[in-house]
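Undergrad: return atomic coordinates for the entry below.
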Amino acid sequence: MNAKKWLSIVLTASMIMILLAACGKGNSNNDSSASPAASPSGSASPSASASAAPADLKGHLVIWTYFDQVKQMADKFTEAHPGVKIDVQIFPGDQYETKLMTALQSGRNVPDIIDLDRGYIGKFLESKFLADLSAMGGEDLVKSYLPYVQAYGRSPDGKLKAISDNSSPGGFWYVRESAKKWLGTDDPDKISSMVDSWDKVIELGKKVAKDSGGKVHLIQSASALNDIMSYNTASWVKDGKLNIDPKWKDTYETELKIRANNVDAKLPFMSAGWGSALNDGSVILTSMPSWAVFMVDNKDGKAKGKFGVAKTPQGFFLGGRYEGIYEKSPNKELAYEVMKFIASPEWQKYNLEKTGNMPGNATVFDQNQDTFKSDLFGDQLILKTYADQMKAMPALQANKYDEGILSKWGKVAGDGLEKGASYDQVVAAFKKEVKNTYPELQVE
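TA: This next block holds a predicted model:
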């Protein structure tokens, strides 16, 4: 499972949601009407108090996005502010980035509010096109945010340029019956302790393979480690030079051990058999982002309570959608009221209850840990599972290089894993790829 494949699914998730009548999008998103995410009765709807704008606020805004649930957010905002009209324009995910950049560069028909995916946000943060939210009071909006969620919306000079209302945490999803059979328990805390290091994962995976006669595997693919390590490592670029964090050596060599010991099912993300293994439990633990409930077969609610989620050896997240304001928008002040709305605890609590999206605000995490449940995970308090690791995630900032270089590492390391290549061989091939794609970088 490499980052580029995850990015692809993130960018096209809106279309998938429509086709599957379920939900989930990179940035975490799922619709409770069609997905297993919980919709507790009595959920409070965000009110005018969620925004500091006056009750008679008036105006017109245009939002560009690739994700159809933005319409839900806009509807809730205008419900509190009926004098405001918001035109949400939704474009196919595989076309959106190019269409947006073209509009920004031309300066014609540019929206007031811009949705940005985590996979390419860096190049926009480094551009001149986004308004400085820090100068508009944005620091107060994100002061209670999870550090990594806040940091990823900042430009290289530290200014806040974009805000997310979600956190997209990841964990090991498992079918409870399969876990009971092969691990002896379906308790998420016990399973988390059984796999809290990669050495433990390998030893447990060897046992599962032996006990099942090689028919059942502990994890989907060794290359899933790339996703988990993606945001636990240093930037790929430092002072204009390619920077390979030493952790990547340990990661790749761990992948080789996983593969050599039959711990993984050798099923790359979304490959043939991947979905079946997730749903039938023939692979016990699958690393998944919280928004990916649409990947579960829940027709007629048959997956209700079927799954649990355990911690991975290190916390990780995948996907993420941020919103920024066009620097030359004539409606910047009104657009900023929308930023205030999506950053508010009221909206993020509503979004959590309505769609299952994990909040970006740490306070919302804390206030709902003892109550929030999702149909898919039964009685498990899943915010508790995610919370500690999410708070400990490094507060890395996006840049215009990291996601593209990460994608190349995923491809080259994945090829190396299939061939059993050494780390040095993988690095040599990787450096060649980077040098050819980014000639302006120094590659030693």
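Undergrad: name the nearest residue to Lys200, sequence neighbours excluded.
TA: The spatially closest residue to Lys200, leaving aside those adjacent along the chain, is Met194, at 6.3 Å (CB to CB, 6 or more residues apart in numbering). For glycine as for every other residue, the C-beta is placed from the backbone atoms N, C-alpha and C.
Undergrad: dump the residue contacts of the one you found.
TA: 183, 200, 204 (CB atoms under 8 Å, 6 or more residues apart in numbering).
Undergrad: and the residues you listed, which is closest to Asn399?
TA: Closest to Asn399 out of those is Lys200 (33.8 Å), distances taken as CB to CB.
Undergrad: how about residues contacting the helix or strand harbouring the closest one?
TA: Under the criterion of DSSP states H and E, Lys200 resides in helix 198-211. Residues from elsewhere that reach helix 198-211 (CB under 8 Å, 6+ apart): 182-183, 194-195, 216-219, 225, 254, 257-258, 261-264, 284, 313.
Undergrad: hmm, try it at 10 Å
TA: Applying CB atoms under 10 Å, 6 or more residues apart in numbering, the contact partners of helix 198-211 are 172, 181-183, 191, 193-195, 197, 214-219, 222, 225, 228, 250-251, 254-255, 257-258, 260-265, 283-285, 312-314.
Undergrad: tally of neighbours for the closest residue to Ala362 other than its chain neighbours?
TA: Closest residue to Ala362 apart from its sequence neighbours, by CB to CB, 6+ apart: Leu146 at 5.0 Å. As a burial measure, Leu146 scores 26 neighbours (other CB atoms under 10 Å).
Undergrad: what's the answer for Glu433, then?
TA: Neighbours of Glu433 under the rule other CB under 10 Å: 16.
Undergrad: which residues does Asp115 contact?
TA: Taking CB under 10 Å, 6+ apart, we find Asp115 in contact with 27, 63-67, 70, 88, 90-91, 96, 100, 121, 162, 321-324.
Undergrad: so it, which state does it fall into?
TA: At Asp115 the chain is in strand, as set by DSSP: H, G, I helix; E, B strand; the rest coil.
Undergrad: and it, how close does it get to Gly107?
TA: Asp115 is 19 Å from Gly107, where distance means CB to CB, to the nearest Å.
Undergrad: check Glu403 too.
TA: Here Glu403 is placed at a distance of 26 Å from Gly107 (CB to CB).
Undergrad: over to Asp415?
TA: From Asp415 across to Gly107, the span is 42 Å (CB to CB).
Undergrad: what strand or helix carries Leu61?
TA: Assessed by DSSP H and E, Leu61 sits inside strand 59-65.
Undergrad: name the residues of that strand that are buried.
TA: For strand 59-65, burial by neighbour count (16 or more other CB atoms under 10 Å) applies to 59, 61-65.
Undergrad: could you identify the helix or strand that succeeds it?
TA: Following strand 59-65 toward the C-terminus (DSSP H and E): helix 70-80.
Undergrad: and that next one, average pLDDT?
TA: Averaged across helix 70-80, the pLDDT comes to 95.
Undergrad: so what does the following helix or strand past it touch, helix or strand wise?
TA: Downstream of helix 70-80, the next assigned helix or strand under DSSP H and E is strand 84-90. Here strand 84-90 is seen to pack against strand 59-65, helix 70-80, strand 113-117, helix 332-343 when contacts are counted using 3 or more CB pairs under 10 Å, 6 or more residues apart in numbering; DSSP states H and E.
Undergrad: spell out the secondary structure type for the closest residue to Lys247 other than its chain neighbours.
TA: Excluding the flanking residues, the one nearest Lys247 by CB to CB, 6+ apart is Thr233, at 5.0 Å. Put simply, Thr233 is coil when judged by three-state DSSP.
Undergrad: what is the mean pLDDT for the strand holding Leu61?
TA: Strand 59-65 comes out at a mean pLDDT of 97.
Undergrad: check stretch 100-119 too.
TA: For stretch 100-119, the per-residue pLDDT averages 95.
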